[in-house]
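J.: Predicted model, plus sequence, below.
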Amino acid sequence: MSTETRELVKAMRERPVAARARSRGRLPSSPLEEFEQVYLRNVDVLMGYFARRCHDPQTVADLTSETFVRAVGGFAGFDPRRGSDRAWLFGIATRVFARYCEQSAGGKDAAARLGGYRPLDEDEIEELVERIDAERAGAALMRRCERLPAVERAAIELVDLEELTPKEAALALGVSRVAFRKRLSRARSRLRKEHHSDE
């Protein structure tokens, strides 16, 4: 890992509020500062994504951190002309979560899986518990979507909860815009039918 990457990972492990205060109002003058701004714009959204899936604050923090560690490694290849940084990060986050689920299902020891991560302090745990509670409505929507195929659930989440455009969500999922729009339309239609049958 390069010195610049190590500095960025160190900065990411700071509390986001401290990093925001330091960079407020400045234009990025280096790739490191550019990535820091990407981080600041998206860290809360990605924490929400993981908070809807995990109820353990340490796991939410670790998965969010892992997403950004992977992102910093691939940042040189990120092309904003292909889509937003948020869509790019959600593509990474979905792979990080899938890997986490595979390892959990395989019975891998959590300590071995997350060995390089620092434990959270009490304030950070409290902040993440509040975040997990705040994501309950989104988690409830995702539970309503449980019967949908995984690609349709992802379409609903990325557009309706994360507020990505259909183009950005298609990029995050690695599918064409036409295929994505069909999945989103199908998912919304199924949810409406279920809602009407429940009444």
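T.: Thanks, I have it.
J.: State the distance from E66 to E102.
T.: 14 Å (CB to CB, to the nearest Å). Any C-beta I mention is one placed from the backbone N, CA and C, and that applies to glycine too.
J.: who has more neighbours, those two?
T.: E66 (22 against 10; other CB atoms under 10 Å).
J.: Nearest the middle, which residue of this structure would you pick?
T.: Closest to where the C-alpha atoms of the chain average out (CA atoms, centre = their mean) is L46, at 3.1 Å.
J.: Strands of this structure, residue ranges please.
T.: Taking DSSP state E, the chain contains no strands at all.
J.: Could you list the single helix or strand in it with the lowest mean pLDDT?
T.: Every helix and strand in the chain was compared by mean pLDDT, DSSP states H and E; the lowest is helix 16-23, with a mean of 45.
J.: Could you find the closest non-adjacent residue to L128?
T.: Sequence neighbours aside, P57 is the residue nearest to L128 in space, at 3.5 Å (criterion: CB to CB, 6 or more residues apart in numbering).
J.: show me the contacts for the one you found.
T.: Residues in contact with P57 (CB atoms under 8 Å, 6 or more residues apart in numbering) are 120, 124-125, 128-129, 132.
J.: go with 6 Å
T.: Residues counted as contacts of P57 (CB atoms under 6 Å, 6 or more residues apart in numbering) are 125, 128-129.
J.: for F90, same thing?
T.: The contact partners of F90, by CB under 6 Å, 6+ apart, come to A172.
J.: before we move on, the earlier item: what about the contacts of P57, which are in helices?
T.: Those of those mapping onto helices are 125, 128-129, per DSSP state H.
J.: and of the residues you listed, the nearest to Q37?
T.: L128 (22.6 Å; CB to CB).
J.: Do you know the pLDDT at the closest one?
T.: For L128, the pLDDT comes out at 74.
J.: Wait, it touches V60, no?
T.: Yes. Between L128 and V60 a contact is recorded at 5.3 Å, counting by CB atoms under 6 Å.
J.: between those two, which one's more packed in?
T.: When neighbours are counted by other CB under 10 Å, V60 comes out ahead of the other of L128 and V60, with 26 against 22.
J.: Let me see the contact set for the more buried one.
T.: Residues counted as contacts of V60 (CB under 6 Å, 6+ apart) are 50-51, 54, 128.
J.: Out of these, grab the one that's most surrounded.
T.: A51 (28 neighbours).
J.: Mind listing what's buried along stretch 92-106?
T.: Across stretch 92-106, burial judged by 16 or more other CB atoms under 10 Å covers 92-94, 96-97, 100.
J.: ok, those vs H196, which is closest?
T.: Taking CB to CB as the measure, T94 is the one of the buried residues of stretch 92-106 closest to H196, at 30.2 Å.
J.: Before we move on, what's the pLDDT of the closest one?
T.: Reported pLDDT for T94: 90.
J.: how close does it get to R144?
T.: 20 Å.
J.: again, but for R186
T.: In terms of CB to CB, R186 sits 15 Å off from R144.
J.: do the same with A87
T.: Counting by CB to CB, the gap from A87 to R144 is 24 Å.
J.: What of L191?
T.: 7 Å.
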